[in-house]
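Chemist: I would like the atomic coordinates for the input below:
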Amino acid sequence: MLVQFNPMVNSGASADASYMNFLRCVRAIATAAAGTSSITVNPFTNNTGTIDGTRNCITTILANTEAGGWTESASSNVVQSGAFTSMQSVSAYTYKFDAYVASGKGQNPYVKFSCTGMPGGYSTTYYGSSNPYSPGSAQYGPMNNQYQTPGAWMFTFGYSTTNDWTDTKYPPGGGNFSIGDPTSGTGSPTTKSSVTFMAPFEQSGSYYSPNAWVYYGGLNSSFCTFDANKNFWMACTANYVIIWESHTSNNYLNGYATTIANTTLCYSQSNYVGAYNFGSIIACGFREAQAWENSYSNNPPIYAMFVQHNRASYRPNNFLWAPMLTQSDAGIVNTTLGIGMLRPTSPGFTSSSMCINNTTDYFGYLGSWNISVNPTGGIGGYQSLDQPILMRENYQDTHSNQMYKPGVDNTTGLAVPTAFPIIIRKSTSGAWNPGGAARGIYKSLSMPIATMRNYFANGQTFNIYNSTTGVTDVYYPIVFNEDMWLVRYA
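Modeler: Have a look, this model is predicted:
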């Protein structure tokens with residue numbers, strides 16, 4: 001399925017309504033059958049149960065040849081009708097969409113995807129008294145009490161022995177729920193079975209702070225649903241979940257440079273991420289596997305990625321996570337499943353040497369990913385993954401260079417957008433894995449839109465042959481300012 005939706009299609013809806021409408025849309029798309037030509041999600045307008053039957057949050061079904069592919073678990077409790085608790089007072093994780101697919105691995109037979117709002121209140125049960133990521137009060141909960149706008153969304157992705165999270169806490173396993181921190185299972189961070197990542201996710205002071213999520217986030221950052229000027233898209237099959245956002249005025253003819261910041265509805269400062277955010281994308285699902293990986297039963301070849309397209313004094317919080325087995329330098333497989341990580345460094349961590357940066361450009365685009373000079377460790381002991389893509393965004397920089405260039409169609413001889421596989425791999429000496437390409441998504445052109453238009457037409461799709469699967473699939477271009485991606489059109 002490839003679907004466009006808008007939780008605020010009724011522009012008079014409340015922030016509470018936008019939150020539940022987002023969950024309802026994600027649920028409807030993820031569980032839709034193949035060939036579905038119509039999906040109806042009439043929007044809530046408030047949390048007392050009022051529904052606007054004249055509008056539909058699902059605005060366009062672009063492709064429907066494959067089913068959404070996910071099965072809703074017993075933990076999922078998305079409200080479809082009737083009243084629900086306001087996000088200002090709801091308990092942590094009360095409402096969530098939770099789903100699963102088969103992993104094809106006997107020891108870890110399920111892959112899990114879940115989304116919910118950031119919890120309100122403060123709980124040492126979940127976070128620990130000294131954790132700087134903890135919401136200090138209910139003000140930083142699913143809805144910000146001060147500005148009446150929703151807070152951060154939390155997406156959890158990973159593998160499990162059951163089709164429902166078996167841990168008593170949610171997110172599974174408790175622990176830090178910040179971007180890039182694995183949160184499920186027991187043992188060291190390199191063995192935990194899921195990751196919870198957040199949007200919006202911004203930085204303030206010397207550490208990642210909930211204060212930033214609402215004061216400098218809210219409507220000005222990623223995946224805030226309470227914004228009638230924002231569209232969402234979801235590409236979803238049993239192999240992947242990809243969700244992204246864009247300002248409603250962005251299109252082929254107008255260009256894609258309108259940011260999603262909305263300073264009239266939420267406090268913002270121009271030097272923070274929101275004022276320069278062109279939209280974010282989450283992608284999680286399966287990657288291609290090495291032949292030797294297929295011989296083991298404990299290693300679902302999956303990954304999760306978050307990319308924020310912005311130009312601000314605070315760098316994009318790009319993030320990558322993947323479980324994988326590794327090989328020694330003698331070619332011997334370590335059969336204990338480990339976790340690979342890649343994320344930005346933070347002034348709050350003593351890790352400046354692990355990021356390519358300097359004191360005058362700490363947040364430059366080379367520092368958008370954590371590139372460890374000692375990849376056996378990484379932040380907090382996480383084992384580093386290779387940097388899969390080079391992002392263009394940098395502090396107040398227009399980037400006129402052609403970073404990702406077009407290729408040539410072998411049949412027509414015409415210049416076309418090139419499909420660059422996003423390879424999930426690990427290069428640590430003594431513990432490496434060549435990995436494989438993320439399914440359902442490619443990186444493509446990076447250049448100004450005026451140049452991009454020379455290589456694709458409005459609404460054009462592209463056929464891409466996958467040499468691993470031997471299948472040719474159709475892909476759809478999406479653009480964030482000067483960066484194009486190709487998402488599977490199925």
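Chemist: in a helix, that's where residue 28 is, yeah?
Modeler: Yes: checked against DSSP: H, G, I helix; E, B strand; the rest coil, residue 28 lies within a helix.
Chemist: who are the neighbours in contact with it?
Modeler: By CB atoms under 8 Å, 6 or more residues apart in numbering, the contact list for residue 28 reads 39, 41, 58. The way it works is simple: take the backbone N, C-alpha and C, and place the C-beta from them, glycine included.
Chemist: so the first one sits against residue 3, correct?
Modeler: If I follow you right, that is residue 39. Yes: distance between residue 39 and residue 3: 6.9 Å, which falls inside the contact criterion (CB atoms under 8 Å).
Chemist: who has more neighbours, these two?
Modeler: residue 3 (25 against 19; other CB atoms under 10 Å).
Chemist: need the pLDDT of the more buried one.
Modeler: On the pLDDT scale, residue 3 is placed at 98.
Chemist: quickly find the element holding it.
Modeler: Using DSSP states H and E, residue 3 maps to strand 2-5.
Chemist: check which helices and strands that strand sits against.
Modeler: Contact here means 3 or more CB pairs under 8 Å, 6 or more residues apart in numbering; DSSP states H and E; on that basis strand 2-5 packs against helix 15-30, strand 58-63, strand 230-237.
Chemist: 6 Å instead?
Modeler: Here strand 2-5 touches strand 58-63, strand 230-237, going by 3 or more CB pairs under 6 Å, 6 or more residues apart in numbering; DSSP states H and E.
Chemist: now these as TSV including distance to residue 281?
Modeler: Written out in TSV, the entries for the helices and strands packed on strand 2-5 read as follows (distance: least, CB to CB, whole Å):
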stretch	distance to residue 281
strand 58-63	16
strand 230-237	9
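Chemist: partner strands of the strand holding residue 3 and their direction?
Modeler: Strand partners for strand 2-5, identified by DSSP bridges, are recorded as strand 58-63 (antiparallel), strand 230-237 (antiparallel).
Chemist: looking at these, which is buried most?
Modeler: Scoring those by mean neighbour count under mean count of other CB atoms under 10 Å gives strand 230-237 as the most buried, with a mean of 24.
Chemist: now do that strand against helix 15-30, angle only.
Modeler: For the pair strand 230-237 and helix 15-30, the angle between their directions (axes from the mean of the first three to the mean of the last three CA atoms, to 10 degrees) equals 30 degrees.
Chemist: downstream of strand 230-237, the next helix or strand is which one?
Modeler: Once strand 230-237 ends, the next helix or strand along the chain (criterion: DSSP H and E) is strand 240-247.
Chemist: which strands or helices does that following strand pack on?
Modeler: By 3+ CB pairs under 6 Å, 6+ apart, strand 240-247 packs against strand 230-237, strand 279-286, strand 431-446.
Chemist: pLDDT (mean, whole number) over that strand?
Modeler: Taken as a whole, strand 240-247 has an average pLDDT of 96.
Chemist: what's it in contact with?
Modeler: 113, 229-235, 258, 260, 279, 281-285, 439-441, 487 (CB atoms under 6 Å, 6 or more residues apart in numbering).
Chemist: point out where the stretch 251-400 of the chain drops to low pLDDT.
Modeler: With pLDDT under 70 as the threshold, the stretch 251-400 of the chain has low-confidence stretches at 261-276, 310-318, 343-384, 390-400.
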